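Asks: just the structure for this:
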Amino acid sequence: MQKSERSILLEIKKASNLLKGEASAKVIRGQIKLLRKYKHIAQARAELVIEHFQNHHDLNPEIVFSWALEAANRGDARNMVNAGYCYANGIGVKKDYKSAIKWLLKASKAEMPEAFYNLAKHFEAGEGVVKNRKQAFHYYKLAANKGSEPEFNLALGWCYENGFGVRLDLKNAVKYYRKAAKEGDESALSNLGLSYLYGRGVKSSTSKAIEFFSKAAQKGHSRSCEMLGLIYIGEEGALKKIDLAKGKKFLKLAAKLNAFEAQL
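Replies: Numbering: from 1, shown residues only. This is a model prediction of the structure:
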């Protein structure tokens, strides 16, 4: 192992929050493999921060922030997003929305979809900027058009469905929910179920609603389980044959999932 690799590995071990057993060994092995791809410690640090946020490695937050900021200052657009995220959420640094916006705007110049999405969230919530629905929609649309993450399309679909920063457009809402659903997003699947159940942007179809609710329910989506239960007992939709046993099963499952979610 080269000197630079040994140096960065020591930093990794110091930064780690004492992960135990196989998990720790696996993380360290993966990081060593990653480090061998890069010649410079600074570049390796930048990649480790990316990996940290993607795989939720348990690294010390102060170290994560310092490495993200180091890479951002070197012009790494991905870590500009990470630095902004750290500032927005107080990860390894005092929460500072203004600084978060500064880094996200810099990353947006490199057309980073994650930067657009996070800027949209800030404009929606009024964090570090004045609340502005049109600006929030603008950035959600850029994120969806430039990126592939299902939450980008889900957010844009929600904007169209609710007329958030844009004229209400149920057909466009369904369009973007479909895109997110293709990636397996349970909320998008559930929203498509609701669209078909109530005929919002599509022709009403209880069978199609059941199809999408069922896919979301398989992923543990409590609201979809509840809707399936209500459909099967005849309180929602237009099912030709009511199935009380099946309905009660889904309602019971929904209650269990809601109870579990309440404990989180």
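Asks: just the buried positions in the one helix or strand E211 maps to, please.
Replies: Taking DSSP states H and E as the criterion, E211 maps to helix 206-218. Within helix 206-218, the residues scored as buried using 16 or more other C-beta atoms under 10 Å are K208, A209, I210, F212, F213, K215, A216, A217. Using the backbone N, CA and C atoms, a C-beta is placed for each residue, glycine as well.
Asks: over to stretch 86-99?
Replies: Buried residues in stretch 86-99, defined by neighbour count with 16+ other C-beta under 10 Å: C86, Y87, A88, I91, G92, V93, Y97, S99.
Asks: among those residues, name the ones in helices.
Replies: Here DSSP state H is the test, and those give C86, Y87, A88, Y97, S99 as lying in helices.
Asks: which helix in this protein has the most residues?
Replies: Longest helix in the chain, counting by DSSP H: helix 244-263.
Asks: so how far is it off the chain centroid?
Replies: Put simply, helix 244-263 sits 25 Å off its chain's centre (C-alpha atoms, centre = their mean, to the nearest Å).
Asks: and the angle from that helix to helix 206-218?
Replies: 40 degrees (axes from the mean of the first three to the mean of the last three C-alpha atoms, to 10 degrees).
Asks: just checking, what packs against helix 244-263?
Replies: Counting contacts by 3 or more C-beta pairs under 8 Å, 6 or more residues apart in numbering; DSSP states H and E, helix 244-263 packs against helix 222-232.
Asks: packing partners of the helix it packs on?
Replies: Looks like helix 222-232 contacts helix 186-198, helix 206-218, helix 244-263 (3+ C-beta pairs under 8 Å, 6+ apart).
Asks: coming back round to it: tabulate the buried residues of helix 206-218 (a markdown table), appending pLDDT.
Replies: Listed next are the buried residues of helix 206-218 as a markdown table, based on pLDDT from 0 to 100:
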| residue | pLDDT |
| --- | --- |
| K208 | 97 |
| A209 | 97 |
| I210 | 97 |
| F212 | 98 |
| F213 | 97 |
| K215 | 97 |
| A216 | 97 |
| A217 | 96 |
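Asks: can you pull the phi/psi pair for G184?
Replies: Backbone geometry at G184, expressed as degrees, to the nearest 10, gives phi 90, psi 10.
Asks: quick check: it vs K175, distance?
Replies: G184 sits 17 Å away from K175 when distances are taken as C-beta to C-beta, to the nearest Å.
Asks: give me the more crowded residue out of those two.
Replies: K175 (15 against 12; other C-beta atoms under 10 Å).
Asks: distance from the chain centre to stretch 178-197, please.
Replies: Put simply, stretch 178-197 sits 15 Å off its chain's centre (C-alpha atoms, centre = their mean).
Asks: which one of the helices and strands packed on helix 222-232 lies nearest to A136?
Replies: helix 186-198 (18.1 Å; C-beta to C-beta).
Asks: tell me which residues in that closest one are buried?
Replies: E186, S187, A188, L189, S190, N191, L192, G193, L194, S195, Y196, L197.
Asks: again with stretch 150-164
Replies: 150-161, 164.
Asks: what does that stretch contact?
Replies: 113, 117, 120, 124, 133, 136-137, 140-141, 143-144, 165-166, 168-170, 172-177, 179-181, 183-185, 187-188, 191, 200-201 (C-beta atoms under 8 Å, 6 or more residues apart in numbering).
Asks: same check on stretch 232-245?
Replies: Counting by C-beta under 8 Å, 6+ apart, L197, T206, A209, I210, M227, L230, I231, K246, G247, K248, F250, L251 sit against stretch 232-245.
Asks: tell me who's in contact with the residue lying closest to the first one once chain neighbours are set aside.
Replies: So that's L197. Nearest non-adjacent residue to L197, counting by C-beta to C-beta, 6 or more residues apart in numbering: A209, 3.9 Å away. Shown in contact with A209 (C-beta under 8 Å, 6+ apart): G193, L194, Y196, L197, M227, I231, G237.
Asks: if we use 7 Å, what do you get?
Replies: Contacts here follow C-beta atoms under 7 Å, 6 or more residues apart in numbering; on that basis A209 touches G193, Y196, L197, I231, G237.
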